[in-house]
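Participant: sequence below, structure please.
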Amino acid sequence: MTGSNDNLQTEDFRPDGVAARLFQGSRDPAYSRVVAAFVLASLSHLWLADAAQAEWFGANVIYVIGLVLLVGTRAPVGWIGCALGLLIPLLMLRDQLTQSVLLLFVASYSACCLLIRPMRIDSLVWGVRGLLIVTYLFAAFHKLNHDFFDPAVGCATYGLRELAEYYRLAPDFFASFQELHAPLAVGFEVAIPAAYLLDRRHLARLLAVVFHIPLTLTMAPAFAFVMLVGHAAFLTDDDVQQLRECWDRRRGALVALAGLTTAGSLAAHGAWPEWTMVPREFLLWLALFLGVQALARGRRVPLGSPSHRFGPAALTTLFALNCLTPYVGLQFQHTAAMLSNLRIDRGCWNHVVMPESLRLREDYVRVERVMFAAPGALPEYEAIVLEQLWSPPQFRQMQRNWCKPAHRPLSM
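Facilitator: Okay, here's the model as predicted:
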């Protein structure tokens, strides 16, 4: 079996008319892996508390219909439904999640690849690969700021404190190497795409699992499964064959080891988590042990290159430009800047590479005094308002949530 050009079929979609192409799917193995990973990522995304808001119900129904159509047809109509279900919360319901934009890019680009000739399946797969590379690299780039590398306030140190709390360890359990917390986080986020670019795909997947396990347990329960779409796109037929050989050789031992590790982790946690976390954790431990075996036994097979470069290049460039928008002050939330400590507001700019002179505008609002009903009546609410930066949409949300008769007048 050869890995040249991933063994991807470069099939054209030939039915006449856009309406016919809307329902024209593909059974290409590489495409099927992307579809399966996208469905799992979407279910993880829809299980988040953000998506459970009543306002999102209509959009979620459209999203689920899109997923059903995608599973049933593998056709553009499914991708379009998913894209619409993702777009509505982003445009109208204050969806702040980077993963929503990432999934939207995947769904929209996949629909285009299946609808517009002469784009082909390998363009789709390479585009999704590019999104993974850009996401990890910008997640690392945004962390190149003074606060992230300060153990007193850095999210890397906070994350390890959360992990210590999750496992009921002493709060300072990881303090002995706290100066390395931030470099380790940035190092992982750079090493994963670097390993892919160097054709060390088994290593890249193993690094990703190691990196995402603590994140999944503490702060980002869906992010690992959203990124799985990109990792699935990097799976070639050769990789699948190698993983299948490892699985067939040690299936029982791998399942037992993952089960015991999950049980031990739950025992160390000392409480039953939200129920979907148990299968998620089991799958991550299973992927870790399978990845170790694949790395030890895997063959290195070249990844090849796309037969059509324009689509993947345009997609990754567009997403990269989106990730640069915090530095010009256009927006912040959907740019892989989560858990980065990045500050771009006046007086607090902290990035060590990008100069503050790049910022075109700064729309944050600062509240200097606030009162709910009477001075000191709700000190916890007052503290939240005073300590945060606010935007006009956030103020409207605050009005809906907090401006109740018992809290009036709400004065600022």
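Participant: make it CA atoms for all contacts and neighbour counts henceforth
Facilitator: Noted.
Participant: what comes up buried for the longest helix along the chain?
Facilitator: Longest helix in the chain by number of residues (criterion: DSSP state H): helix 237-269. Across helix 237-269, burial judged by 16 or more other Cα atoms under 10 Å covers 237-239, 242-243, 246-247, 254-255, 257-259, 261-262, 265-266, 269.
Participant: so what does that helix touch, helix or strand wise?
Facilitator: helix 277-297 (3 or more Cα pairs under 8 Å, 6 or more residues apart in numbering; DSSP states H and E).
Participant: quick check: mean pLDDT of the longest helix of the chain?
Facilitator: Helix 237-269 shows a mean pLDDT of 95.
Participant: cool, and stretch 84-101?
Facilitator: The model assigns stretch 84-101 a mean pLDDT of 92.
Participant: mind checking how far that stretch is from the chain centre?
Facilitator: 13 Å (Cα atoms, centre = their mean, to the nearest Å).
Participant: ditto for stretch 274-281
Facilitator: So, by Cα atoms, centre = their mean, the centroid of stretch 274-281 is 18 Å from its chain's centroid.
Participant: number of residues surrounding R200?
Facilitator: 20 (other Cα atoms under 10 Å).
Participant: for R129, same thing?
Facilitator: 23.
Participant: so it lies in a helix, does it not?
Facilitator: Yes - counting by DSSP: H, G, I helix; E, B strand; the rest coil, R129 is part of a helix.
Participant: for it, give me its contacts.
Facilitator: G230, H231, A233, F234 (Cα atoms under 8 Å, 6 or more residues apart in numbering).
Participant: again, 10 Å this time
Facilitator: R129 makes contact with 106, 123, 193, 196, 229-235, 312, 316, according to Cα atoms under 10 Å, 6 or more residues apart in numbering.
Participant: would you map the strands across the stretch 251-400 of the chain?
Facilitator: For the stretch 251-400 of the chain, strands defined by DSSP state E, counting those that start in this stretch occupy the ranges 365-366, 371-372, 389-390.
Participant: what does the second one rub up against?
Facilitator: Okay, so that is strand 371-372. 377-379, 381-382, 385, 402-404, 406-412.
Participant: what's the answer for the last one, then?
Facilitator: Contacts of strand 389-390 from elsewhere in the structure, counted by Cα under 10 Å, 6+ apart, are D345, D363, Y364, V365, R366, V367, M398.
Participant: farthest pair in those residues?
Facilitator: Maximum pairwise distance among the contacts of strand 389-390 (Cα to Cα): 20.8 Å, between D345 and M398.
Participant: so these two - more neighbours on which side?
Facilitator: D345 (19 against 13).
Participant: ok, the more buried one - contacts?
Facilitator: With Cα under 10 Å, 6+ apart, D345 has these contacts: P326, Y327, G329, E356, R359, R361, E362, D363, Y364, V365, L389.
Participant: swap in V61?
Facilitator: Here V61 is in contact with L67, G81, C82, G85 (Cα under 10 Å, 6+ apart).
Participant: quick revisit: save the strands of the stretch 251-400 of the chain as TSV, and put in mean neighbour count, distance to Y63 and mean pLDDT too.
Facilitator: Supplementary listing: the strands of the stretch 251-400 of the chain in TSV, determined by neighbours: other Cα atoms under 10 Å; distance: least, Cα to Cα, whole Å; pLDDT from 0 to 100:
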stretch	mean neighbour count	distance to Y63	mean pLDDT
strand 365-366	14	34	85
strand 371-372	20	39	86
strand 389-390	15	30	82
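Participant: what's the closest of those strands to D172?
Facilitator: That would be strand 389-390 among those, by Cα to Cα, at 29.8 Å.
Participant: list just the nearest of the contacts of R129 to L43.
Facilitator: V229 (12.4 Å).
Participant: just to revisit the earlier point, just the ones of the contacts of V61 in strands?
Facilitator: Per DSSP state E, strands hold no members of those.
Participant: looking at neighbours, which among those is most surrounded?
Facilitator: Result: C82 is most packed of those (other Cα under 10 Å), 31 neighbours.
Participant: name the nearest residue to L163, ignoring sequence neighbours.
Facilitator: Among residues not flanking L163 along the chain, T218 sits closest, at 6.1 Å (Cα to Cα, 6 or more residues apart in numbering).
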